[in-house]
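what follows is a predicted structure for the sequence shown.
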Amino acid sequence: MPIDLPVTGGRLRTTYDLLRTPYAAYDRWRSTLGDTFVVRAMNGDVVASCDPDFVADFLRLTDDEHTPFASTALVGLLGGGTMIVTPGDAHKRKRRLVGPHFRGERMRAYAGIVDRIARERVARWSGELRVMDETLPISLDVIIRAVFGADDEADVERYRGEITDLVGRMSPLFVFSRQTQRRVFGLGPWARYSDARDRLIDHLKADLAARRAAPDEARPDILTCMAEARDEAGEPMPLDEAAEELVGLLFAGHETTQIALAWAVYWLHRHPETLAALRAELDEAPADPAARVKLPYLEAVVHETLRLYPIVPDVLRTLTVPKTLGGVELPIGTNVAVAAAMTHMRDDLYPDPARFDPQRFVGVKPKPQAYLPFGAGVRRCIGAALAIFEMKVVLAEIIAGVELELLGEETPIRRNVATAPRHGVRVRVVGRRDASAG
């Protein structure tokens, strides 16, 4: 069945635009093609939309009606055990098994770990620096200590080296085409990436096996929880799957949180009135992460940062049944996307949408159909709550701890699978504050 929708330009140019400047590309396409159109890229055609009815129908898709887009490429990238690529009932089972580790008491158990990491790192800031360079080790340490559960310094350093090696060998081309995932006589970019991934997975499997052999309910980290978790039949998750799930969490939460924090610092220092409002709220509150994460303006700043430049600009799926989305009849096998990069720029949802205005979210819970930084529907990122929690704790330490001067403008550009500030947010430390005030 043909799909009667406008189409973007040639595949090569469209793919280049998506790889380099997806926000600008989506803005240009929407202005010329409307709210719903076909993105014609090298890895396939995708029906992309920000039409509210299309988004609402997309959110109602069940596990039986769609699968992850380009799942074969993602399986090669992350392994077949991660929830990101798991289809149907297996996906629902995994969410039930893993989901409780990202809610309630578990989240509060991570607060002290995240706060200590942020406080120690921010205390070292001085002179001129790039915020992304400084938020990277914070995000990395949170993954290593709160997610992977390393506390021995030798093990921390080993994980740090393995993760840095893996992320450094990642290329966005691996996501866009399975054809790039090929070894050439055991050499080449893919060989280097997959060897680095295998080393990390072997390390994770060894730690999972050790925790399973010697359970310790006092440990709050996610690796320990996954090692000890049992499904409805009392069966543990296979070690391969658990390790691959942890690698999926690494990619979902490592660079993304680093980048989002850098954007938050940038926008706050571009708008002194919002910086002053946040600082006043922090100064009046106890310098305790459990108290800070409940602050309404801090939460609004985080939501507005993720709205303005959502780290991943689109949420993609492949239909396994014929569906009508937003009045458009789509056959089985159609690739579909809701584009956060367009949805978040609708002036009927967000008046003056290009303006940074945290007040939009003060006392207002974001609506799922209008706020998509962590995906949408039944496959919404399971680590979303942890990411927001981490952003609030770390951002509070930065704003309460140091006075910064912004040194230049920023524009978004693709960095691996996420989109980041082109120059990393350049600042100068001009003073220190009493981070324990409150």
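Now that the structure is in, tell me what you want to look at. Numbering: from 1, shown residues only.

give the buried residues for stretch 399-408.
Using 16 or more other CB atoms under 10 Å as the test for burial, stretch 399-408 gives I399, A400, G401, V402, L404, L406. All C-beta spots, glycine's among them, are computed from the backbone N, C-alpha and C.

for those residues, which one is nearest E153?
For the buried residues of stretch 399-408, the residue nearest E153 by CB to CB is G401; the value is 24.2 Å.

pull the contacting residues for E410.
Y266, P421, R422, H423, V425 (CB atoms under 8 Å, 6 or more residues apart in numbering).

identify the farthest-apart pair in those.
Spatially, the most separated pair among the contacts of E410 is Y266 and R422, at 11.0 Å (CB to CB).

so which of those two has more stuff around it?
Y266 (25 against 14; other CB atoms under 10 Å).

quick one on the thing from earlier: next step: the contacts of E410 restricted to helices.
Residues of the contacts of E410 located in helices (DSSP state H): Y266.

out of the contacts of E410, list just those in strands.
P421 (DSSP state E).

G79 is in contact with F251, correct?
No - with contact defined as CB atoms under 8 Å, F251 and G79 do not form a contacting pair (11.0 Å).

after the lowest-mean-pLDDT helix or strand in the chain comes which helix or strand?
In the chain, no helix or strand scores lower on mean pLDDT, DSSP states H and E than helix 173-176, which sits at a mean of 66. Downstream of helix 173-176, the next assigned helix or strand under DSSP states H and E is helix 189-213.

just checking, what packs against that following helix?
If you count contacts as 3 or more CB pairs under 8 Å, 6 or more residues apart in numbering; DSSP states H and E, helix 189-213 packs onto helix 153-168, helix 222-228, helix 239-270.

relative to V147, which of the ones you listed is closest?
Of those, the one closest to V147 (CB to CB) turns out to be helix 222-228, at 4.7 Å.

from the contact counts, what lies against that closest one?
helix 189-213, helix 239-270.

could the buried residues of stretch 399-408 go into TSV alongside distance to A206 and secondary structure?
Shown next, in TSV, are the buried residues of stretch 399-408 (distance: CB to CB, whole Å; DSSP: H, G, I helix; E, B strand; the rest coil):
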residue	distance to A206	secondary structure
I399	39	helix
A400	39	helix
G401	37	helix
V402	39	strand
L404	41	strand
L406	44	strand
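
as TSV, the residues you listed with distance to D198 and pLDDT would be great.
Shown next, in TSV, are the buried residues of stretch 399-408 (distance: CB to CB, whole Å; pLDDT from 0 to 100):
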residue	distance to D198	pLDDT
I399	40	97
A400	41	95
G401	39	94
V402	40	97
L404	40	98
L406	41	97
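
mind giving me TSV with those residues and columns for distance to R270?
Shown next, in TSV, are those (distance: CB to CB, whole Å):
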residue	distance to R270
I399	14
A400	19
G401	19
V402	17
L404	12
L406	7
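
now the helices for the stretch 251-400 of the chain?
272-284, 289-292, 296-308, 340-343, 384-401 (DSSP state H, counting those that start in this stretch).

what's the closest of those to R360?
Of those, nearest to R360 by CB to CB is helix 296-308, at 6.2 Å.

state the mean pLDDT of the closest one.
Averaged over helix 296-308, pLDDT sits at 97.

next, the buried residues of it.
Y297, L298, E299, A300, V301, V302, H303, E304, T305, L306, R307, L308.

over to stretch 142-160?
Buried, per 16+ other CB under 10 Å, within stretch 142-160: 142-150, 156, 158-160.

would you mind measuring the gap between the ends of it?
11 Å (CA to CA, to the nearest Å).

and that stretch, how far from the chain's centre?
Computed by CA atoms, centre = their mean, to the nearest Å, the separation of stretch 142-160 from the middle of its chain amounts to 20 Å.
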